[in-house]
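Student: sequence first, predicted coordinates after that:
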Amino acid sequence: MTILDGKALSNKIAQEVSNDVIQLQKDGITPGLAVILVGSDPASATYVKMKSNACKKAGIYSIAHEMPESISQENILEIIDMMNNNPNIDGILVQLPLPAHIDTTTILEAIDPAKDVDGFHPYNVGRVTAGLDGFIPATPYGVMELLKEYNIDPKGKNVCVVGASNIVGKPMATLLLNANATVEICHIFTDDLKKHTLNADIICVGVGVVNLIKEDMVKDDAIIVDIGINRLDDGRLVGDVDFENVNSKCSYITPVPGGVGPMTIAMLLKNTIKAAKIRLAKTNGK
Ligand code: GUN
């Protein structure tokens, strides 16, 4: 069994990003990311802090707009408009989930697709689904990079994606399909999850259910990608896979923490660099 070490790969990518920042600065541009956080959900606040810190470390300029739960949709749209028109901002990220009185689609569609470093705008969703260049959502993008690092080619493999969210499951399935895997997507209404996971050469799971994937649901030598992050009552972070009992059965597995989580942040930085390079090309009239 080999551990898919997302921490190590994310450090390597962060170093590449730092080098890109130095080059962009020589070309007259400092990459900039605006992060918008609404409300006081502690997990969201932690993620936003981790993203801001990673930006600072890499030399990316970052602004965090932290707004109270009670803010109106109009006010959020105004901030997005300001960031769309701010020439120093290359990427805009609205941390999800948003409070119930805010329409998430309206917010995501207000972001300039050229600054949509989360890849959640329907324009980028469509481009990526069609196999065209666009911003790829950071978590599934990170999973694909992690598989590539370990020379795991999804082509022709049976993949079971567990979870069908717009942020993780659907784009994960899309990227794997575009990499020529045979993809099944399972979700909360799937009857007999085990029947599907047992058939999979690769299982990608991200639903937020502790120990959802157990030993008897995994075939020998499967590759397991655990995208779940759950905090136990004792403070420990665990994924959606019963790691202790599953790990000896599989050929590769991501740990939690230290697997997909750090990759998500690294790919966000990479998307911000991509956006900054687009700005540079535009500035140079290309
Ligand atoms: N909430 C959970 N994951 C993400 C993510 O990747 N981006 C944003 N914006 N919000 C999230």
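Tutor: Arrived safely, thanks for sending.

Student: and the residue lying closest to Pro140 once chain neighbours are set aside, how far is that from the ligand?
Tutor: Nearest residue to Pro140 in three dimensions, chain neighbours excluded: Met172, at 4.0 Å (C-beta to C-beta, 6 or more residues apart in numbering). For the C-beta atoms, the positions are set from N, CA and C on the backbone; glycine is no exception. Met172 is 12 Å from the ligand, where distance means C-beta to the nearest ligand atom, to the nearest Å.

Student: for burial, what's the neighbour tally of Met172?
Tutor: 29 (other C-beta atoms under 10 Å).

Student: check Ile102 too.
Tutor: 18.

Student: isn't Ala276 right up against Gly28?
Tutor: No: contact status for Ala276 versus Gly28: not in contact, 11.0 Å apart, counting by C-beta atoms under 8 Å.

Student: tell me which of these two has more neighbours.
Tutor: More neighbours sit around Ala276 than around the other of Ala276 and Gly28, counting by other C-beta under 10 Å; the figures are 26 against 9.

Student: residues touching the closest residue to the ligand within the chain, list them.
Tutor: The chain approaches the ligand most closely through Leu96 (3.8 Å), counting by C-beta to the nearest ligand atom. With contact set as C-beta atoms under 8 Å, 6 or more residues apart in numbering, Leu96 has these partners: Ser44, Thr104, Phe120, Ile167.

Student: please report the distance of it from Ala276.
Tutor: Shown here: Leu96 relative to Ala276, a distance of 23 Å by C-beta to C-beta, to the nearest Å.

Student: and Ser44, how many residues sit next to it?
Tutor: When counting by other C-beta under 10 Å, one arrives at 16 neighbours for Ser44.

Student: go on, Gln15?
Tutor: Using other C-beta under 10 Å, Gln15 has 12 other residues around it.

Student: so it sits in a strand?
Tutor: No: inclusion of Gln15 in a strand is not indicated when DSSP: H, G, I helix; E, B strand; the rest coil is applied; the result is helix.

Student: just the CA trace of stretch 173-184, in CSV.
Tutor: Coordinates of each C-alpha in stretch 173-184 appear next as CSV, following Å, rounded to 0.1, in the frame of the first residue of the first chain:
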residue,chain,number,x,y,z
ALA,A,173,-16.6,12.7,-12.3
THR,A,174,-16.3,15.1,-15.3
LEU,A,175,-12.5,15.2,-15.0
LEU,A,176,-12.2,11.5,-14.7
LEU,A,177,-14.6,11.0,-17.7
ASN,A,178,-12.5,13.4,-19.7
ALA,A,179,-9.4,11.3,-18.7
ASN,A,180,-11.2,8.3,-20.3
ALA,A,181,-12.3,6.5,-17.1
THR,A,182,-15.6,4.6,-16.9
VAL,A,183,-17.4,6.7,-14.2
GLU,A,184,-20.2,5.9,-11.9
